[in-house]
Every structure is written in structure tokens, then in C-alpha cells.
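> I would like to see how this sequence folds:
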Amino acid sequence: MTVSPSSRPDVWEVGSPDDDVDVVSLERGVSALMSSPTRTGLTSALVALHRGHIVCERYGEGHDVTSTFISWSMAKSMVGALCGVAIDEGLLSLDAPVPVAAWVNDERHAITLRHLLQMTSGLSWVEDYIDGETSHVIDMLFGSGTDDVAGYSASRPSQFQPGEQWLYSSGTTNIICRLLGDALGDTQGSHKHIESYLRRNLFDAIGMSSAIPKFDAYGTFIGSSYVYATARDFARFGALFLNNGEWAGRQVVTRRWVEFSRESVAHDDDNGFDYGAHWWMWPGEQDSLVALGYEGQYIWVVPQRELVLVRLGKTDAALRNDLTADLLSLVRAFPTSPRLMGKSGDRG
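Predicted coordinates for the structure are as follows:
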């Protein structure tokens with residue numbers, strides 16, 4: 001199954017949902033999301049791409065098709081995709097100990113890229129966005145780690161043996177970004193090579209022309225949190241993984257890497273999702289991949305339904321589960337395709 005999107009970022013085929021879509025449920029769910037801030041927070045953009053066509057697109061007040069939005073942690077999934085390219089090209093190794101100088105002579109020397117991607121590095125970390133609490137992610141992004149997010153993250157001591165425990169960490173992603181920058185030859189204060197690599201092998205390859213990545217003073221891509229793009233361009237990234245890494249006849253990311261990304265290593269009881277390699281998955285939707293970001297940013301990829309759903313906005317943590325439930329209802333307004341059920345092994 002291939003959605004055959006246009007390679008031009010400003011051209012999408014927009015149309016009505018197919019006859020087998022539950023249009024009543026879709027319209028009801030979309031209306032509720034766009035008008036129920038007390039239940040699910042403020043939705044600023046909503047795009048549904050089904051079978052290669054935009055069949056639903058709504059924007060909140062002050063936003064339109066040209067508006068760019070922050071990714072927050074959805075950017076992690078883009079870092080994961082870039083790792084797949086870099087490993088395929090021999091720039092990085094999945095299972096060799098990563099070359100972090102500060103780790104050479106202690107228990108951290110055994111940490112691999114696989115551990116970092118799957119959030120099983122064992123490094124001590126508190127991922128907490130609540131003011132007044134200890135939070136390494138806030139200190140990294142807005143405090144003492146701002147100028148060198150990877151150095152800050154790599155300085156964390158071990159709490160577990162590598163591979164022993166899953167612990168979600170934005171710092172993990174920024175360590176990966178520094179490893180990639182080093183492998184490409186970037187030196188301190190420069191991000192020329194990593195930015196070029198990111199654009200050539202991901203953004204330009206799929207027409208994400210609006211995408212703006214951010215870098216720290218050291219030159220590290222802050223891939224934990226900072227890519228700005230339009231809702232349609234976030235949908236493009238989702239469509240790349242819907243198409244098993246292929247775009248307009250080019251295998252941008254290998255099919256094997258797409259399958260690796262959705263291999264579950266943990267279940268998060270707080271949000272209800274499983275975790276793979278820098279992607280989340282919804283357990284009840286076969287082969288799904290979900291990029292999640294702070295305050296309710298979602299790219300929901302559902303191959304069995306030939307669907308990419310993007311939601312961007314601002315939702316408090318207390319409303320997160322209601323938002324997930326309402327988005328899941330939208331997802332299930334689209335039919336499963338009998339010809340695609342049980343086909344995941346064919347795509348690996």
C-alpha cells in the first residue's frame with residue numbers, strides 16, 4: 001500500500017472521505033475536538049490523511065495551512081528515522097558501545113545506540129514538566145543544560161544496567177543527536193553537517209519545506225523537542241512511515257528500520273501506549289506508530305486503516321487521556337482494510 005503523495009510540499013489532493021468512512025462519527029469527533037477546550041484542551045490544527053488524500057483539515061483561531069507549530073517530542077521520532085539512515089550508511093552502529101568519552105571508564109561504557117533509542121540506557125533521569133519538582137528535562141532545555149543539551153544529559157550517572165529498565169528521557173535523544181553530529185564531522189559551535197544531513201535525508205526527501213530544526217550553542221540538534229513545521233508537513237512525516245519508509249519511489253528509511261521502530265520494549269501505564277525505538281504504539285491498533293509531544297501533539301500512523309492523523313494544540317496533562325480517547329475515536333471512524341490485516345511481516 002502506497003499513498004503516492006506529491007513531492008511538492010504545497011500540493012496535496014484534498015477531497016471528501018471515501019464511502020466506507022464513518023463520516024458521522026468523524027464529523028462529530030472533529031467538531032468536539034475543535035470546540036471542547038475544557039475536555040481535551042485547545043486544538044489548533046487537525047489533519048487526517050486517508051489513502052493519500054486529505055479528507056479532514058481544521059484549524060483553530062489564528063492558524064491556517066501556513067502556520068508552523070512546535071513538535072515537542074514528536075521530533076524524537078524524526079531523530080529515530082535519521083538514525084536508521086545513518087546506520088544504513090555505516091555512520092552509526094546499533095549495537096556497539098557508543099563513543100562518549102565521559103563513559104569510557106565506568107559502567108556507562110556498555111551503553112549502545114539501541115539502548116538510547118529504546119530508552120533503556122540506565123541513565124538517571126527525571127522527565128517532569130511540573131513547576132516546583134525536580135526536572136532534568138526542564139533544566140536541560142531551560143536551565144543549566146541549555147547551551148549543551150547532550151553534555152548535560154551524558155553527565156547523568158547510571159541508575160540501572162543498560163537494557164535493564166525502560167525510562168523515558170529527552171536527554172537520551174540529545175545524546176544521539178550529538179553522536180550523529182560528531183560522526184558527520186561537526187565541531188563545537190557548528191551544526192552545518194548535521195543540519196545538511198537532516199534536510200537532505202529527511203526534510204527535503206519528503207518535501208517538508210516548512211521544517212525548522214533548532215540547535216544549541218554547542219551545535220547539537222535539540223532533537224528531543226524542537227522542530228517547527230506546518231500540520232501538513234508533520235503529516236508528511238507520518239506518511240513516510242505509513243509507506244514503510246518509501247517516498248515517491250525512493251526508500252528514504254529502510255522497511256526493516258520501520259519494523260524495528262515499532263518493536264515494543266515497554267508499556268507506559270500513564271498514557272496507555274507501548275514504546276519502541278523513538279516511536280510509541282497504540283496496543284489496540286495493529287502496526288500503529290505514534291509520535292507524541294508535550295501538551296498533546298500527535299502524529300498517529302495506522303497502516304491497517306491507511307491513515308495518518310495529526311493533532312496539534314495545547315492540552316494540560318490532566319486532560320491527556322481524554323484527548324487520546326477522542327483521537328482514538330477519530331482513528332476508528334476509518335475502516336480497517338482486510339487486504340492489509342496481518343501483513344506486517346511482509347513489510348519487514
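> helices and strands of this protein: which one has the lowest mean pLDDT?
helix 37-40 (a mean of 92; mean pLDDT, DSSP states H and E).
> Need the three-state assignment for the residue in the chain sticking out farthest from the centre.
Within the chain, N105 marks the point farthest from the mean C-alpha position, 32.8 Å out by Cα atoms, centre = their mean. Using DSSP: H, G, I helix; E, B strand; the rest coil, the structure places N105 in coil.
> now swap in V47 and tell me
Applying three-state DSSP: V47 is strand.
> correct me, but it touches H53?
No. Look at V47 against H53 with Cβ atoms under 8 Å: they stay out of range, at 11.2 Å. Quick note: C-beta positions are derived from backbone N, CA and C, even for glycine.
> Relative to H136, how far out is the residue farthest from the centre of the chain?
In this view, N105 and H136 are 23 Å apart by Cβ to Cβ, to the nearest Å.
> Neighbour count for V47 and H53, which is higher?
With neighbours defined as other Cβ atoms under 10 Å, V47 and H53 compare such that V47 has more, 25 against 16.
> residue contacts, the more buried one?
54, 56-57, 231-232, 234-235, 308-310 (Cβ atoms under 8 Å, 6 or more residues apart in numbering).
> Okay, and which of these map to helices?
231-232, 234-235 (DSSP state H).
> Looking at those, which one is closest to T220?
Relative to T220, the closest of the ones in helices among the contacts of V47 is F234; by Cβ to Cβ it sits at 22.3 Å.
> Tally up the residues packed near the nearest residue to the closest one once chain neighbours are set aside, please.
Distance criterion Cβ to Cβ, 6 or more residues apart in numbering; nearest residue to F234, sequence neighbours excluded, is V310 at 5.0 Å. Neighbourhood size, V310 [other Cβ under 10 Å]: 27.
> what's across from V310 in the sheet?
Taking DSSP bridges as the rule, V310 bridges to V47, I299.
> what does L123 give?
Residues in beta-bridge contact with L123 (DSSP bridges): S158.
> who wins for most neighbours among the ones in helices among the contacts of V47?
In these, the most neighbours by other Cβ under 10 Å go to F234, 30 neighbours.
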